[in-house]
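> Let's see this in three dimensions:
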Amino acid sequence: MSARRPPPTPLWLPLVAVAVLLAPGCYGGAEDTATESGTGGTVATVGETEGSATEATAGTEGTAGTDGTDTGGDQAELPVPSPRFYRLTHKQWEHTVRDLFNLSQETGFSEQFRSDPKVSGFIFDNNALSLEVDQALWSGYQRAAADVAELVTSDPQITAELFPPDGGDPVARRETFAREFGKRAFRRPPTDAEVQTLVGLFTGALELYPDLSDEFQAGARMVIETVLQSPLFLYRIELSTEIADEVIPLNSWEVAQRMSYFLWDSMPDEELFAAAEAGMLTDPVAVEDQARRMLTDIRAQEVVLDYHHQLLEVEKFLSIAPSDVFFPDISDDLGSYAIAEHDAFLQEVMIAREGSFSDLLTSTTTFVNADLAAIYGLEGAYDNNFVEAELDAATRAGIFTQIGFLAANSSSVNPDPIHRGVFLAKRMSCLTIAAPPDNVPPLPPLDESQTNRQRVEGHTEQEGSACADCHTPLINPYGFAFENYDAVGAYRTLDNGQPVDASASVLLPDGERPTVQNAVELAQILAGSPAVHECYLRHWLEFAMGRPYEYADRPLVKRLGATSHEQNQSIQDMLVELVVSTPFLSRATEELSP
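Residues are numbered from 1 along each chain as shown. Okay, the predicted model is just below:
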C-alpha cells in the first residue's frame, strides 16, 4: 500500500479525546456446549441477566411479579439516559464503507480489526457501552482507511461518480468534494471549519503518493484516508441539547442515522439524507413514511435475519454433531442445513408474507431438502434444493420445533431439556435464572429402565437440593415440553422403550402457570401471552437502541407488546411502531445534568 501519514490535528485529536470521555441462580446440567458426559457449568451467558430464579422471584425485571400484578404500565414513555457516542460495529463499518462509495460488496478490510469482546448481560453485538477503541483497533482503522482510500481512488468508475467535475477552478472543486463527501461520511453537513480542514489536506498530498500523478486524485485520497479515521465517521454522534416536552428531541440528521443504523445497519441513503436536510424527520408521520420505505429494502431484511440469528443463537447450529453410532444416516452438514431452513423460514414467513411474532412461534410452514425431509418424516421426492413444506400441526409449531433449535440443544445422543428449558425461559419469557453452584456433578448415564426425562428429574429435582429450586419450577418444565424430539429433532413417542412424557407446568413472565401436554401447546401458550410478546419487543428495543433494557423502558415495551399480541401485528408494523416512538426519536433530559 502507499505511504501513510496521520490525519491532521483538527479532525482527529480533539474528537478522539471527546470520544474517550463520553464513550462508553442454579441449574446443573447446563454448560456452553451440550455433551452427554458433562452437565456442570453456567448458562448465565452473553445476553442474560444473572439473578435468582426461585418460584417466588422468577419473573421479568420491572414487569410483573408471580401474582400477575403489573408494575409499570401507566407511566409516560420517556427515553432512558444513553451514550451520545455510538461506535460503529465492525459490520456497520463494512456496510457504511460499501454504501458511502456505492461499492457492489463489502471490502472485507474489517477482518484486520480485533474482535469486539462478548458482553455478559447483553445478547447483541452493538452495545454502545462496550464498543471501545483501543490501540489495536485504532491501528486496524488506520490500515483499513488507507486500503479503502487506495481502492476507491484507483477505480475510474468509482471516481467518476465520487469526484465532482473539473470546472476549471481547482479550489472550488476541492471545496465541493470536501463538503459533499464530508456530509455523507459524517452523516450531517460539515461545518465550514471542517470543510477547510479537509480542503487543506490537498496541499502536498501528491508527494505522499508516488503512484499517483494527478493532484486532485492524491488530495481526495488523503481526504478519504483522514475522514475514515475520524471519530465523526467511526461514531454515530448525537449532540442535540434543546428540551421540549420533557425530552431532548433529536434533530433530523440524528434521526436519519438512528433509523438507518437500526433498520439497515448502515448509513442513510440519498432519500433519507434529503428528508433530513429538509428538516422532515422531526415529524413522526414523515419518520413513519421513511421507515416503511426502508423496510422494503434488502438491507432491512438482512437486519431482521441478523437480529434473529443473534437472539436465537443460530450460529450454534453449526455445532450440531449427532453420534454416528446412534444416527448413522444423518448428514455431517445437518447444522448448515438447519441454518438454511431457519433463514428461508424467516425470509418467506416473517418478511415476504409479513408474519407476526405469533407466526414465528406457531407456523407449520418450513423449508426442507432431502435430509431434513427425512428427519421430519415427510413423504415425497426431495433433493438437495430447499422447497417449502407444511409440517404436521399436531407435532410441529413454529421455530422451536424446527430441527435447528432442537438439535443444537441436544447432546450427541439424547435431547437436552436443560439447555432447551434455560434458553426458552430466558430468551422467550425474559425470566431471570441464576448461575449454577460450583462443582455440579454431570448427568449420570442413562439407566436401562429410565427415560431421559426421568434421568434429568432424578438428578436436578432432589428435594432440598440447591438445584431443585430452579429446575423444578422453571427450567425443567420449559425443556420437558420438548421431550417428543430426539437429538436430531425427529419426532418420537417412545424413549428407551417407554412412552414419552412431555407434559409440564410452565411459569410465564406474568406469573401465570399453565399446564401443557407438549411443545405444540407450549408454543400456542407463548404466542397467546402478552408478557411473552413484551419480552420479544424488549429484545428488539435493546437491538434498536444499542444498550441494555432499563426499567424505565417498561411503558414503551408494555404498549408495543400489547399491540403485537392484540393485533397479531406484522414484524414490519412492529418495527415502525418502535421507530416512531418518543424514546426512539429523543434523548433523556437527565443527560444534561452536571
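
> switch to C-alpha atoms for all contacts and neighbour counts from now on
Noted.

> Count the neighbours of Ser429 for me.
23 (other CA atoms under 10 Å).

> cool, the one 5 residues further on as well?
Neighbourhood size, Ala434 [other CA under 10 Å]: 20.

> Pull out the buried residues from stretch 194-201.
Glu194, Val195, Thr197, Leu198, Val199, Gly200, Leu201 (16 or more other CA atoms under 10 Å).

> Now those in JSON lines, please, with extra columns for distance to Val500.
JSON lines is the format used below for the buried residues of stretch 194-201 (distance: CA to CA, whole Å):
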{"residue": "Glu194", "distance to Val500": "70"}
{"residue": "Val195", "distance to Val500": "71"}
{"residue": "Thr197", "distance to Val500": "72"}
{"residue": "Leu198", "distance to Val500": "70"}
{"residue": "Val199", "distance to Val500": "74"}
{"residue": "Gly200", "distance to Val500": "75"}
{"residue": "Leu201", "distance to Val500": "73"}
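
> Going by distance to Phe480, which of the residues you listed wins?
Taking CA to CA as the measure, Phe480 sits nearest to Glu194 out of the buried residues of stretch 194-201, at 61.6 Å.

> Can you check what pLDDT the model gives that closest one?
For Glu194, the pLDDT comes out at 98.

> can you pull out the strands in the stretch 151-300 of the chain?
235-237, 247-249 (DSSP state E, counting those that start in this stretch).

> so of the ones you listed, which one's packed in deepest?
The highest mean neighbour count among the strands of the stretch 151-300 of the chain, using mean count of other CA atoms under 10 Å, belongs to strand 247-249: a mean of 22.

> average pLDDT across that one?
97.

> ditto for stretch 322-332
Here the average pLDDT along stretch 322-332 is 97.

> could you dump the strands of the stretch 151-300 of the chain to CSV with distance to Gln217?
Output for those, formatted as CSV (distance: least, CA to CA, whole Å):
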stretch, distance to Gln217
strand 235-237, 26
strand 247-249, 40
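
> Quick one: the strands in the stretch 401-550 of the chain, in order.
Using DSSP E, counting those that start in this stretch, strands in the stretch 401-550 of the chain cover 494-495, 498-499, 504-505, 515-516.

> Please name whichever of those strands is nearest to Gly168.
Using CA to CA, the strands of the stretch 401-550 of the chain put strand 515-516 closest to Gly168, at 77.7 Å.

> now for the closest one, which elements pack on it?
Here strand 515-516 touches strand 504-505, going by 3 or more CA pairs under 8 Å, 6 or more residues apart in numbering; DSSP states H and E.

> Relative to the strand it packs on, what are the paired strands and their orientations?
Its sheet considered, strand 504-505 pairs with strand 515-516 (antiparallel) by DSSP bridges.

> How far away from the center of its chain is the strand it pairs with?
31 Å (CA atoms, centre = their mean, to the nearest Å).

> List the contacts of that strand.
Here strand 515-516 makes contact (CA atoms under 8 Å, 6 or more residues apart in numbering) with Ala481, Ser503, Ala504, Ser505, Val506, Leu522.

> Next, format those residues as JSON lines and append pLDDT.
Formatted as JSON lines, those follow (pLDDT from 0 to 100):
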{"residue": "Ala481", "pLDDT": "98"}
{"residue": "Ser503", "pLDDT": "98"}
{"residue": "Ala504", "pLDDT": "97"}
{"residue": "Ser505", "pLDDT": "97"}
{"residue": "Val506", "pLDDT": "97"}
{"residue": "Leu522", "pLDDT": "98"}
